[in-house]
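A.B. asks: sequence first, predicted model second:
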Amino acid sequence: MAYSDKVIDHYSNPKNVGTLDKASKSVGTGLVGAPECGDVMRLQIQVDEATGIITDAKFKTFGCGSAIASSSLATEWLKGKSVDEAVKIDNMDLVEELNLPPVKIHCSVLAEDAIKSAINDYRKKNGLDELVFEERIH
Amino acid sequence: MLKLPIYLDHNATTPMDPRVLEAMIPYFTENFGNAASRNHSFGWHAEEAVDYAREQVAKLIGADAKEIIFTSGATEGDNLAIKGVYEMYASKGNHIITCTTEHKAVLDTCKHLEKLGAEVTYLEVQPDGLVDLKALEAAMRPTTILVAIMYANNEIGVVQPVKEIAAIAKKHGALFFTDGVQAVGKIPVDVIADGIDIMAFTAHKMYGPKGVGALYVRRKNPRVKVTAQMDGGGHERGMRSGTLNVPGIVGFGKAAEIARTDMEADTARISKLRDKLENALKQIDESYVNGNPAHRLPHVSNISFKYVEGEGLMMGFNKDIALSSGSACTSASLEPSYVLKALGLGDDLAHSSLRFGLGRYTTEEQINFTIKAVTDTVLKLREMSPLWEMFKEGVDIDSIQWAHH
């Protein structure tokens, strides 16, 4: 199976690889996937508490090229968005942008889950109710 | 000058040796006869060529030419052997013993027969990939008609204790079939010394053409018969009907002859390169060689690089190096290699494996390039891996409650 140029580009030059201080109140961390499934994504957001804007985003991913590209692209999209806007990022937007084939759609779902999980972690730390998302079958 | 891409997937298939192609060419055009045409010179020429190839193939495995049945490949050979024995020896019993690391052509054939009333024992292998002889002995029953254990494994390259397995089968009055696809032409295989009753193998794994294989069927001590799985003209002693693929068979013969004459030199050279590759990659932290290192094909190395995913790893160099991974990220099931799992490897290690299959044309320059490319990519991906970071921080990854999908 050939990868799209965009997947190759994110894989070769991943954006925002790294780690934020997960103990910080302004950082939300999402860790999703499982080693047994061949995909683990950790996505972190740094939120400006005054404005609610995501000022930084970092990821680390264990997985195939499409999983790495999905998380790399997700961090790019997160930066500069408000938390409320970030919740609306849909996995199909990632699929479209990266031209993921059907067998790789689960990579984008994982990235969307990681975003939501990071946002909920941030909300929890700041005394907000966690958002409830629809259960998805991967 | 290093020419890219580099091919290191010789367990999947091999390039054809130019000497093989040269031998085949006349049989597409001027010598196009049907080997079964008994009444004119076109047929005689073709038959003569097939007989010669049969000798060449037989000689490679220490068999008699009459014991070679040409097939379309090893999948057909596996099917013909197992289904053919099941039908032919139905009055003796219905029990077959095989193992969990067999090729799908064997496993799925056994599953098919289970639906028809066969009883099949799937032996677990030991962590090094070898069959436990005591477990085999214990699994034998009075109704056991066939023991089907591969000679060498396609994913990890371990070579089974074939002689001992054959002796156990014989002691209990069962036939011994082996899928010899990966072993024949790579290591010495002798059907007499090894005690093999039936063996499937194929040309394209030994620098011959695709689409032609052989089934060795013993004629003496005991005389073995298999029921044909295709009806037709009764070719190949009635066991495999169908017009013979004369050019393919000629190529197979030549490939077998070259494998026999060049095996020693090829093995010496290739195993040295394999060891160089393996020793260099073992220097990477948390890398593990899969399969028993002492009982292994000389050209194969299967290595897991913990905390990086195999397909992601391959993407780092797959435009320059062709090899194969135990990761199944592309398959809908997301299941990693069943062979690696059968060794008791955790899914994480199974997902993290690469199979290197070297061959006749592999050079030291290619191996040097591969060592560097794989090492660089593993290190790069580990910097990107949350699991590597946790490992480095001393977090026990197994203790985390992962959300399973």
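C.D. replies: Thanks, I have it. Since the structure is predicted, the reported quantities are computational estimates derived from the model, not experimental observations.

A.B. asks: when you work out contacts or count neighbours from here on, use the C-alpha atoms and nothing else.
C.D. replies: Fine.

A.B. asks: in chain A, which helix has the most residues?
C.D. replies: helix A:105-125 (DSSP state H).

A.B. asks: what about that one, average pLDDT?
C.D. replies: Here helix A:105-125 scores 95 as its mean pLDDT.

A.B. asks: and residue 98, its phi and psi?
C.D. replies: You didn't pick a chain, so chain A it is. phi -100, psi 0 (degrees, to the nearest 10).

A.B. asks: that was the other one, I meant chain B.
C.D. replies: Dihedral pair for residue B:98: phi -140, psi -170, per degrees, to the nearest 10.

A.B. asks: my guess is it contacts residue B:120. True?
C.D. replies: Yes. Counting by CA atoms under 8 Å, residue B:98 touches residue B:120, with 7.3 Å between them.

A.B. asks: which of these two has more neighbours?
C.D. replies: residue B:98 (23 against 20; other CA atoms under 10 Å in any protein chain shown).

A.B. asks: work out for me the element residue 42 sits within.
C.D. replies: In the absence of a named chain, this looks at chain A. With elements taken from DSSP states H and E, the one containing residue A:42 is strand A:39-48.

A.B. asks: that's the wrong chain, I wanted chain B
C.D. replies: Assigned by DSSP H and E, residue B:42 falls in helix B:41-60.

A.B. asks: packing partners for that helix?
C.D. replies: Packing partners of helix B:41-60 (3 or more CA pairs under 8 Å, 6 or more residues apart in numbering or on different chains; DSSP states H and E): strand B:68-71, helix B:246-282.

A.B. asks: in its sheet, what does the first one sit against?
C.D. replies: It refers to strand B:68-71. Strands adjacent to strand B:68-71 in the sheet, as given by DSSP bridges, are strand B:213-217 (antiparallel).

A.B. asks: run through who's touching the partner strand.
C.D. replies: B:63, B:67-74, B:77, B:81, B:197-203, B:224-225, B:252 (CA atoms under 8 Å, 6 or more residues apart in numbering or on different chains).

A.B. asks: list the contacts of residue 47.
C.D. replies: Using chain A here. Under the criterion of CA under 8 Å, 6+ apart, the neighbours of residue A:47 are A:26-28, A:53-56, A:83.

A.B. asks: wrong chain, I was asking about chain B
C.D. replies: B:34-36.

A.B. asks: circling back: in the helix holding residue B:42, what's buried?
C.D. replies: Residues B:42-47, B:49-60 are the ones in helix B:41-60 that count as buried (16 or more other CA atoms under 10 Å in any protein chain shown).

A.B. asks: any residue of stretch A:97-110 touching chain B?
C.D. replies: Yes. Legend: contact between stretch A:97-110 and chain B by CA under 8 Å from any CA of the partner chain is shown at A:103-104.

A.B. asks: show residues contacting that stretch.
C.D. replies: Contacts of stretch A:97-110 from elsewhere in the structure, counted by CA under 8 Å, 6+ apart, are A:3-4, A:6-7, A:32-33, A:39, A:41, A:66-67, A:69-71, A:91-92, A:94-95, A:138, B:330-332.

A.B. asks: now the residues you listed: which count as buried?
C.D. replies: Buried subset of those (neighbour count, 16+ other CA under 10 Å): A:6-7, A:32-33, A:39, A:41, A:66-67, A:69-71, A:91, A:94-95, B:330.

A.B. asks: which of those residues fall in strands?
C.D. replies: Among the buried ones among the contacts of stretch A:97-110, the members falling in strands (DSSP state E) are A:32-33, A:39, A:41.

A.B. asks: the residues you listed: which ones sit near chain B?
C.D. replies: Near chain B, by the rule CA under 8 Å from any CA, you find A:32-33, A:39, A:41 out of those.

A.B. asks: residue of chain A nearest chain B, please.
C.D. replies: residue A:64 (3.7 Å; CA to the nearest CA).

A.B. asks: just give the nearest non-adjacent residue to residue A:18, would you?
C.D. replies: Leaving out its chain neighbours, the residue that sits closest to residue A:18 by CA to CA, 6 or more residues apart in numbering or on different chains is residue A:58, at 5.3 Å.

A.B. asks: helix, strand, or coil at that neighbour?
C.D. replies: Assigned with DSSP: H, G, I helix; E, B strand; the rest coil, residue A:58 falls in the strand class.

A.B. asks: could you check how many residues crowd around it?
C.D. replies: Neighbour count of residue A:58, defined by other CA under 10 Å: 23.

A.B. asks: surely it and residue A:41 touch.
C.D. replies: No. Counting by CA under 8 Å, residue A:58 does not reach residue A:41; the two are 10.7 Å apart.

A.B. asks: and of the buried ones among the contacts of stretch A:97-110, the nearest to residue A:21?
C.D. replies: Checking those against residue A:21 with CA to CA, the nearest one is residue A:41 at 16.3 Å.

A.B. asks: excluding chain neighbours, what is closest to that closest one?
C.D. replies: residue A:61 (4.4 Å).

A.B. asks: wait, the one you found touches residue A:39, no?
C.D. replies: Yes. When contacts are counted by CA under 8 Å, residue A:61 is listed as touching residue A:39 (7.4 Å).

A.B. asks: shared neighbours of these two, anything?
C.D. replies: residue A:67.

A.B. asks: okay, now residue A:81: neighbour count?
C.D. replies: Neighbour number of residue A:81 under other CA under 10 Å is 17.

A.B. asks: I'd guessed it sits against residue A:54; true?
C.D. replies: Yes. Judged on CA under 8 Å, residue A:81 makes contact with residue A:54 at a distance of 5.6 Å.

A.B. asks: list the contacts for the residue in chain B that chain A sits nearest to?
C.D. replies: Chain A sits closest to residue B:312 of chain B, with a gap of 3.7 Å, by CA to the nearest CA. Applying CA under 8 Å, 6+ apart, we find residue B:312 in contact with A:63-65.
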